[in-house]
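[1] next one to model:
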Amino acid sequence: MENPLHHFEIHPIIHMTLMGFDISINKAILAMWVGLLIMFGLFMVVVKSGVRVIPGKLQIVAELALGFIMGMVEEFIGKKEAHKYFPFIATIFFFVLACNLIGMIPGSYT
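    Numbering: from 1, shown residues only. Below is the predicted model:
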């Protein structure tokens, strides 16, 4: 009988080793790369559209998302330290969001 969880087994697509460490490429790595590309692409679209005095739809969504994250960061670590850690925490937030959205696609690796 076949294992019902065979879809979740990690099988290397490209086998590689570096100084004795296994750095093979598998479906999980590809899903993370796709998430990274989506996140980077969306950031580039937002940056290329520019900041306007009268914001468009894309700028409104970006300001809402960044304002939400900044509010959470300020609430947990304080206003003084928030500006120092905000770029790192926002990057992690959007990366995890992109990977979670990819995981909702049927048949994708989660």
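
[2] could you use CA atoms for every contact and neighbour count after this?
    Noted.

[3] now the helices for this protein?
    Using DSSP state H, the helices of the chain run over 27-49, 57-77, 79-103.

[4] now those helices in TSV, with distance to residue 12 and mean pLDDT?
    Listed next are these as TSV, based on distance: least, CA to CA, whole Å; pLDDT from 0 to 100:
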stretch	distance to residue 12	mean pLDDT
helix 27-49	8	88
helix 57-77	36	93
helix 79-103	19	92
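
[5] out of the ones you listed, nearest to residue 13?
    Closest of these to residue 13 is helix 27-49, at 7.4 Å (criterion: CA to CA).

[6] contacts for that closest one, please.
    By CA atoms under 8 Å, 6 or more residues apart in numbering, the list of residues contacting helix 27-49 from outside reads 10-13, 58-59, 62, 94-95, 98-99, 102, 108-110.

[7] if you set the cut-off to 7 Å instead, what comes out?
    Residues outside helix 27-49 that contact it (CA atoms under 7 Å, 6 or more residues apart in numbering) are 58, 94, 95, 98, 99, 102, 109.
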